[in-house]
Each structure stands twice: as C-alpha cells, then as structure tokens.
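S.K.: 3D model of this:
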Amino acid sequence: MNKIDVETLDNGLKIYFYKDNRKHSTYVNFVTKFGGIHQNFKLDNKDYTIKNGMAHLLEHYICEANEQGEFINLLGKNHMFTNATTSLHKTCFYFMTSTNLEYGLEVLIKGINSPIFSEEKLKKVKAPIYQELKMHEDDIFYSFNHRTYDALFHNVPFKDVGGFKEEVNNITLDEVINTYKAFYQPTNQMLFIAGKFDKDKILKLIMDIYKDIKIEKHNTVIPYIDEPLEVKKKKSVFKSKAVLDYASISYKIDASSFNPKELQMLDFYLNGFLKMTYSITSELYKELVHNKIIDTGISHYHTLINKFCILDIGAFTYNADVLIQKIHENISKVENISLEDFELYKKEMITKVAIRPEKLTSVITPLIDNITVIDYPQPDTLEDMLSLNYEEFKKLMKKLDTSNYTVTIMKKGE
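M.R.: Reported below is the predicted structural model:
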C-alpha cells in the first residue's frame, strides 16, 4: 500500500492524502467526529444534552440548507458518485470523481461550512426524516435494538442513530445551531483524498478555500459519563411482528485498559473468534441446526461505546433458552480454536488487507474507523496481519470479562 501523507492546516483540519496514480478517479471523504453516541457536550463552558437522532438530522440539514444549495445534488449533477452518512461515531460527506475534483472540493467544503439556520428550513429537513423513521417501524430489529441498549446502559443515553420521531420532532433550532457550533469545527474534522491528484495543487486549493470561509471558534468538551460495568437489566422479553422468535445475548466488556493499538488488534482477534466460533462452518452452528434450535445463521457484531466493548450474538430460534445457553457456554472457550483454524483466518486477513489498494474506499474506510472509533490514526497494514499470533490471540481473548451481559428475546407475534 502506498504511503499516506498527513497535513494539518492552521485551523486544525487534518488532511490525509493517499496517492495512487494507477487509478483514474479520486475519492474524497469529509469526516466530522460526531455521531449517534455523542449526546452530551459542553460548549463554551455551558452544558448541553441533545436527543437521539441529532447527528443524523444535522447531516441532512447541512446537505440541504447551506449557501451552496443542496450540494449532494450539485455534485451528482456533475457526474460524481456522492452521498452522506451518519453512524455511531462519525458523519461523512463524500464523493468520487474522475474529472471534477477541484469543483467537488470547493462545493463540499463551502457547503459544510455555510449552513443557513431558520425555522422554515429545519421544518423542511425534518419532513423526509419522519418518513424514514416511519419505515424503520416496519423493521422488527428497530425496537429490539432500543430495548437491548436500554438494558445495557444506566447513564449512556444512546438508543439509535436515527432517533425516534418524537425526539426528532422536539429538536429545536437552537439545539441544531449549538450542536453544529460544538462539533463542526476544523479541529474535530478530517478530509481524506485518495487516488489520482496533484497533492501540492490540491493542498493549496483547500487552503485558499478556507481563506474565504469565516469559522467561529468555540471550546467544546465531551464530558466523561460515569457508567457502571454492570448492565441495567439482565433480561428483556417482548412480542413483535416476527414470524419466529429471535434471541440475543449482549456483553458489556470493560475495554478501558486497552490502548489504541491493542484495540486495533482486539478487533482482528475478536472478528476471528466470532467467525470461528459462531459461523455456519463452526461446530456450534452444526450442533444447533442438528438439534433444531436454529436453521439460519448466527449473527454477531461488536462496537465501542463509552469505554465498553459491546458484543452482541443472536439468531432466529425455535428455543431461545437453549440458544442463549449455548452461545454463552462458548463465549470464553478460546481453547476450542485450533492453531490450524487460526492460521487459516490469518491467511484470510493477510489477503484481505493485501488487496485493499485495488479499491480506494477499501483503503480509506478502515483508516477512518481506526481514527474515529479507537483513536488510532494509522491504517491497517500487512505487517499488522503478519504479526497476528495464536498465543497472543488466546491471551487477549481470555482477558475479556464476559460476566456482564443482558439477554433480549423477541417473541413471534400471535
């Protein structure tokens, strides 16, 4: 993989340049470190609490109500692949182009930095979000995930990136303005440019664009949330429109002792453990299918919220109690993973990272995640994959305390 160069502007914006002249196009991603989990902040020494859905709403607002016009549409009309997304830890505005890089950068940067705040525009922006949230109500996991997060946390208010209709409806213009001031500062943002470009030319262009932008400076502090390790509720059972029961067990693991590099390696090791323990090739899966406990795959994911690694494992099931019992019995059995299986996973990861340069987004997206999720401003490398070690894998997995968990069971509707 080619070298990634980093430049920091006087205003604090970090620009990551990944040059690959083999490509005919350029990928640009403007990232603000503000997502669904950010719901408390101090702005200029004043405390604020915002509602679920604010980051997502602000993404829409910035795209649609700024001095450039609806810049996603403007970029699209100029033959660029473009969009914006909000996740747990970040908001991204991006485009890919082969001919209009300079135009795209100017429209994107000026648009993000020139929102027009008014009650009328806020009302207009909320309308399609209401429709989006309405469609979420048809997703049986919408309520499921809310109940799980509510059971996991005492003081962390996060429930959903999109929020609830009532919450979004109650977001005021002042809240939108203050949140924008708090998070949409160059010191809290990053610009990624990957592909074919002239670095010196593009860096000068970006600096010139910012000379024409007046940005108010504000002091923002994200307060520490004192969240206990113990889950708030051990078990939740509810009925839904599902045609089959679904059950999951969600672990709340203290990750505060891990440094960023260790968190990066934990991600690789945890992915491998989950795949080898719960995938359709695992012995547990075969056992559960044979015993008619499940007949579909076992889903699993993990993420970081506050200081905790949240690990969720679940499946549609004919016997929720047995499923949960079997998942939990295997969560700490790292000794069941053979050296042979580990080496196969390691080879898979080496290949996966080795071919990332063939696609620009495959290089940049993991780097963005490393920075925004675990505060590790380095890309994944072949050296990282080659260093994966069976003994370290077992040691790190055994370090995880899986004694704190909540069970969520969604019963099929009658």
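S.K.: which residues in this structure form strands?
M.R.: In the chain, the strands defined using DSSP state E lie at 4-8, 14-19, 26-32, 40-43, 46-49, 81-86, 91-97, 189-195, 220-221, 235-239, 245-254, 299-305, 308-317, 405-411.
S.K.: and the gap between residue 126 and residue 133?
M.R.: Going from residue 126 to residue 133 by C-beta to C-beta, to the nearest Å gives 10 Å. The way it works is simple: take the backbone N, C-alpha and C, and place the C-beta from them, glycine included.
S.K.: So between those two, which is more surrounded?
M.R.: Between residue 126 and residue 133, counted using other C-beta atoms under 10 Å, the more crowded position is residue 133 (22 against 18).
S.K.: Next, count neighbours for the closest residue in space to that one that isn't next to it in sequence.
M.R.: With C-beta to C-beta, 6 or more residues apart in numbering as the criterion, residue 133 has its nearest non-adjacent residue at 4.8 Å, and that residue is residue 165. The local packing of residue 165 (other C-beta under 10 Å) involves 18 other residues.
S.K.: Would you mind confirming that residue 165 makes contact with residue 130?
M.R.: Yes. Contact criterion C-beta atoms under 8 Å: residue 165 and residue 130 qualify, at 5.9 Å.
S.K.: For the closest residue to residue 263 other than its chain neighbours, the count of nearby residues, please.
M.R.: Spatial nearest neighbour of residue 263, chain neighbours left out: residue 374 (4.1 Å); criterion: C-beta to C-beta, 6+ apart. Using other C-beta under 10 Å, residue 374 is surrounded by 20 other residues.
S.K.: OK, contacts around residue 374?
M.R.: Residue 374 sits next to 260, 263, 264, 267, 304 when contact means C-beta atoms under 8 Å, 6 or more residues apart in numbering.
S.K.: Next one, pLDDT for it please.
M.R.: At residue 374, the model reports a pLDDT of 95.
S.K.: Next one: it relative to residue 89, how far apart?
M.R.: Distance, residue 374 to residue 89, by C-beta to C-beta: 9 Å.
S.K.: mind listing what residue 72 touches?
M.R.: 63, 82, 83, 84, 93.
S.K.: give me that answer again for 6 Å
M.R.: If a contact means C-beta atoms under 6 Å, 6 or more residues apart in numbering, then residue 72 has 63, 82 as its contacts.
S.K.: Grab the nearest non-local neighbour of residue 69.
M.R.: Using C-beta to C-beta, 6+ apart and skipping residues adjacent in sequence, the residue nearest residue 69 is residue 111, 7.9 Å away.
S.K.: So what's the residue count around the closest residue to residue 354 other than its chain neighbours?
M.R.: Nearest residue to residue 354, sequence neighbours excluded (C-beta to C-beta, 6+ apart): residue 382, at 6.0 Å. Around residue 382 there are 13 other residues, counting by other C-beta under 10 Å.
S.K.: if I look at residue 382, how far off is residue 16?
M.R.: Taking C-beta to C-beta as the measure, residue 382 falls 19 Å from residue 16.
S.K.: And for residue 363?
M.R.: Residue 363 is 10 Å from residue 16, by C-beta to C-beta.
S.K.: and what of residue 87?
M.R.: 18 Å.
S.K.: between these two, who's got more neighbours?
M.R.: Set side by side, residue 87 and residue 16 show more neighbours around residue 16, with 21 against 18, by other C-beta under 10 Å.
S.K.: wait, isn't the more buried one in contact with residue 191?
M.R.: No. The criterion here is C-beta atoms under 6 Å, and residue 16 misses it with residue 191 at 7.2 Å.
S.K.: Residue 356 is in contact with residue 363, correct?
M.R.: Yes. The pair residue 363 / residue 356 is scored as a contact, 5.2 Å apart, by C-beta under 6 Å.
S.K.: Just want to know which of these two has more residues nearby.
M.R.: Per other C-beta under 10 Å, whichever of residue 363 and residue 356 has more neighbours is residue 363, with 23 against 20.
S.K.: how close does the more buried one sit to residue 323?
M.R.: For residue 363, the distance to residue 323 - C-beta to C-beta - is 38 Å.
S.K.: Show me what the mean pLDDT comes to for stretch 192-211.
M.R.: Average pLDDT, stretch 192-211: 96.
S.K.: meant to ask about stretch 120-136
M.R.: Across stretch 120-136, pLDDT averages out at 89.
S.K.: Check stretch 32-42 too.
M.R.: pLDDT averaged over stretch 32-42 gives 94.
S.K.: Same check on stretch 78-96?
M.R.: With pLDDT averaged residue by residue, stretch 78-96 scores 95.
S.K.: ok, and what's touching that stretch?
M.R.: Residues from elsewhere that reach stretch 78-96 (C-beta under 6 Å, 6+ apart): 25, 27-37, 55-56, 59, 63, 72, 75-76, 97, 100, 104, 161, 372-373.
S.K.: dump the residue contacts of the residue nearest to residue 261 when sequence neighbours are not counted.
M.R.: Nearest non-adjacent residue to residue 261, counting by C-beta to C-beta, 6+ apart: residue 376, 6.4 Å away. Residue 376 sits next to 260, 264, 370 when contact means C-beta under 6 Å, 6+ apart.
S.K.: just checking, the residue nearest to residue 69 touches residue 65?
M.R.: No. Assessed by C-beta under 6 Å, residue 111 is found out of contact with residue 65, at 9.8 Å.
S.K.: All good on my end, thank you.
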